[in-house]
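>>> can't give you the sequence, but here's the structure:
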């Protein structure tokens, strides 16, 4: 903050201004006191209040998180249902292998790979600083993929058990069409643990 060529006096003055000359427990108690009043301090970069900076960006963050959860719920439910209906098949194995890879991949690494492929290599999407829908695509995919994998595995696990239950077999025996049995009976019951996770 003081610059590479700052003198010892300038560094001491900056430490005093930031409160770094006080003992750590005293600084921590002062921080907790300010935090209790809603004062998060000022940004070292811009000098503006941190609470104001967070408030400015909160709608974008909430919108991005909400869209990611919605996308993950829709795609994950479809993948989990397809895997459960084809339980034990190659499709089931392939889908669950892909979801396992999605769960194992760290988010920061996924973000780097997506940026490398779609922004730097293919030049389809912007890396930073772009307005509009294209700027949301990479962050949305990065946030949604791990949650999609979790949702798919939860739905598949719930559906496999539900599809073997008595009331589903009874519905089939009564002549209820398979899609209706799947959506009205099996899927509805399987979504209960999913709602808790979402």
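Looks like it arrived, so ask away. As the structure is a prediction and not an experimental result, all values here were calculated from the model.
>>> contacts and neighbour counts: CA atoms only from here.
Will do.
>>> list the buried ones in the helix-or-strand element of the chain with minimal mean pLDDT?
Sorting the helices and strands of the chain by mean pLDDT, DSSP states H and E puts helix 188-197 at the bottom, at a mean of 80. The neighbour-count check on helix 188-197 (16 or more other Cα atoms under 10 Å) flags 190, 191, 194 as buried.
>>> spatially nearest residue to the second one (excluding sequence neighbours)?
Read that as residue 191. residue 155 (6.7 Å; Cα to Cα, 6 or more residues apart in numbering).
>>> list the buried residues of whatever helix or strand that neighbour lives in.
In this structure, residue 155 sits in helix 134-163 according to DSSP states H and E. Buried residues in helix 134-163, defined by neighbour count with 16+ other Cα under 10 Å: 136, 138-160, 162-163.
>>> again with stretch 26-44
Judged by neighbour count (16+ other Cα under 10 Å), stretch 26-44 contains these buried residues: residue 40.
>>> now do the same end-to-end measure for it.
Stretch 26-44 has its terminal residues 20 Å apart, counting by Cα to Cα, to the nearest Å.
>>> next helix or strand past the helix holding residue 155?
By DSSP H and E, the next helix or strand past helix 134-163 is helix 166-173.
>>> next, the angle from that next one to helix 134-163.
Relative orientation of helix 166-173 and helix 134-163, computed by axes from the mean of the first three to the mean of the last three Cα atoms, to 10 degrees: 90 degrees.
>>> wait, a helix at residue 127?
No: counting by DSSP: H, G, I helix; E, B strand; the rest coil, residue 127 falls outside a helix, being coil.
>>> so what's it up against?
115, 119, 120, 135 (Cα atoms under 8 Å, 6 or more residues apart in numbering).
>>> how much space separates residue 58 from residue 111?
Taking Cα to Cα, one finds residue 58 at 21 Å from residue 111.
>>> these two - which one has more neighbours?
residue 111 (16 against 12; other Cα atoms under 10 Å).
>>> in a helix, the more buried one, correct?
Yes: Residue 111: assigned to a helix according to three-state DSSP.
>>> what is the neighbour count of residue 59?
11.
>>> ignore what I typed, I meant residue 89.
Neighbour number of residue 89 under other Cα under 10 Å is 11.
>>> can you check residue 50 too?
When neighbours are counted by other Cα under 10 Å, residue 50 comes out with 16.
>>> ok, it to residue 73 distance?
According to Cα to Cα, residue 50 and residue 73 sit 33 Å apart.
>>> so whatever helix or strand residue 94 lives in versus helix 134-163, what angle?
Assigned by DSSP H and E, residue 94 falls within helix 90-104. Orientation check (the same axes, to 10 degrees): helix 90-104 against helix 134-163 gives 130 degrees.
>>> contacts for helix 90-104, please.
79, 82, 83, 84, 86, 145, 146, 148, 149, 150, 152, 153.
>>> what distance do you get for residue 19 to residue 41?
12 Å.
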